[in-house]
Structures are given as C-alpha cells and as structure tokens.
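**Student:** Just need the structure, nothing else, for what follows:
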Amino acid sequence: MVAHMVLAALTAAASCEAASVSENELWNMIRTNEGNETAFHTIYAPAWVSAADFRGTMDVLRTCVLTLFACIYTALHLNVPPETDFLSILITKTKWTVMVLLAPEIVLYMAADQLVQALRLRKELRKPQEHSVRVDKGFNFDLRYAFFVAMGGVRISPEGTAKFGYPAPGRESIEVARSTHLTPDGVLELARRDFWIYISPERIAAKSKADVLQKALVLLQVS
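**Tutor:** Okay, the predicted model is just below:
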C-alpha cells in the first residue's frame with residue numbers, strides 16, 4: 001500500500017511539473033481574487049508550485065519521501081550481519097529499505113516467519129533443558145535469545161564443529177572458506193545432543209545497538 005502511494009505521488013509529480021506555476025503568478029492570482037468569494041468555486045489550486053521563497057510541491061514531496069525512508073531505515077531490524085563494517089551494513093540496510101518501500105508484504109511475511117521460528121525454538125529448548133544434567137539450569141533461554149538465533153546471531157567455523165562430533169568418523173569434511181550461522185533447528189539439534197550454546201543478554205544487547213547513521217537519520221527526522 002505504501003509503495004503504491006509513493007509511486008503514484010512520483011508519477012503525479014512528474015506529470016504536473018510541466019504545468020507548474022511560478023511564485024509571482026500564484027501571488028498575482030491571489031491578489032486579483034482577494035475578497036472574491038465566487039473564486040473559490042471557479043478557480044482551482046495549481047497542481048504544481050515551483051519552489052521559491054516558500055515551500056513548493058517538490059519540497060513537500062521530497063520531505064515526505066525522505067521522512068518515510070528514514071522511518072523505515074530506523075524501524076528495520078535485519079539479521080545479524082557477518083560483515084560489520086560501515087559500508088556493508090549501509091548497503092544491506094539501504095537495499096532492504098527500498099524493498100520495504102516497494103514490497104512491504106514480503107518483509108512482513110519474513111518477520112512473521114522469524115517470530116514463529118523464535119517462539120518454536122524457545123518452547124523446544126525448554127524440553128531438553130529439563131532433563132539435561134550438563135545444562136546450566138539458571139540460564140534463561142528466553143524469546144530474545146531465540147530471536148538472536150533466528151536472526152543468524154550464532155556463527156560457527158568449520159574447525160569448531162569437531163567438538164560437536166562433526167563430521168562423523170570415516171566421513172570427509174566439507175571445506176568451507178568462511179563461518180556459517182546456525183539455524184534454530186541446528187541449535188535445537190545440538191541441545192538434544194547435550195551441547196548448549198550460551199549467549200549473554202549483554203552480548204545480544206550490544207549487537208542490537210543502533211548504528212551512527214541510524215541515529216543521525218532519527219535526529220534529522222525529528223528536527
């Protein structure tokens with residue numbers, strides 16, 4: 001719905017710009033019809049007003065689009081990125097912001113799917129936790145933990161799989177150049193084998209902090 005409104009506004013703006021009215025023409029129209037009540041029924045406001053000393057149509061439209069973009073950029077909570085440099089995060093988040101503008105239904109579906117995965121993981125982890133003798137009974141596998149796993153926050157290198165019993169004896173390991181993230185099913189399978197992954201709430205909170213650009217956009221939006 002939002003994407004349709006933005007596209008419609010941009011299309012209307014492009015078609016109306018050719019028939020724009022200058023500042024002087026607009027003021028002449030106002031002065032000429034000052035006190036003329038019938039003018040309200042016979043004269044229509046121009047579709048496009050060129051920017052001058054006051055805000056024109058393009059100024060209003062630009063402000064709306066930038067504010068909408070900033071709101072989406074701020075509200076997006078993407079998966080934990082494997083690359084944490086500023087440029088990689090900026091490019092990834094910009095792509096997703098454009099996707100939300102054009103197809104918000106897809107992003108809504110993906111967010112709902114992650115919620116279902118997180119709820120299922122939290123529920124399923126509590127079953128082996130009750131019967132395990134190795135698990136830390138005081139650790140809380142809460143929804144924040146489950147969401148962190150569902151968002152790709154747990155990564156493991158090929159060398160680190162040996163302590164979990166992978167690969168099985170007699171089988172060749174698959175060469176992987178980089179680390180990969182564990183899915184909720186992977187974390188759950190490890191828990192069933194009595195291998196537990198503990199992630200402190202402080203570490204999760206540190207990963208979810210807003211970046212500098214996000215804070216700057218919010219500041220620009222409210223100023």
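**Student:** where does the chain have low pLDDT?
**Tutor:** 1-23, 26, 49-54, 158-178, 207-223 (pLDDT under 70).
**Student:** what are the ranges of the helices in it?
**Tutor:** 2-17, 23-32, 39-42, 57-75, 86-102, 104-131, 143-150, 184-192, 201-207, 212-222 (DSSP state H).
**Student:** of those helices, which approaches Trp48 most closely?
**Tutor:** Taking Cβ to Cβ, helix 2-17 is the member of the helices of the chain nearest to Trp48, at 4.0 Å. No exception for glycine: its C-beta is placed from N, CA and C like everyone else's.
**Student:** Show me how the chain divides into domains.
**Tutor:** With domains defined by automatic domain parsing, the chain comprises 2-77+212-222, 108-207.
**Student:** Of the helices of the chain, which stretch is the most buried?
**Tutor:** helix 143-150 (a mean of 21; mean count of other Cβ atoms under 10 Å).
**Student:** Kindly export it (C-alpha atoms) in PDB.
**Tutor:** What follows is helix 143-150, C-alpha atoms only, in PDB (Å, rounded to 0.1, in the frame of the first residue of the first chain):
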ATOM      1  CA  LEU A 143      12.500 -15.000  23.400                       C
ATOM      2  CA  ARG A 144      15.400 -12.600  23.000                       C
ATOM      3  CA  TYR A 145      17.800 -15.500  22.800                       C
ATOM      4  CA  ALA A 146      15.600 -17.300  20.400                       C
ATOM      5  CA  PHE A 147      15.300 -14.300  18.100                       C
ATOM      6  CA  PHE A 148      19.000 -13.800  18.200                       C
ATOM      7  CA  VAL A 149      19.500 -17.300  16.900                       C
ATOM      8  CA  ALA A 150      16.700 -16.900  14.300                       C
END
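**Student:** Okay then, goodbye and thanks.
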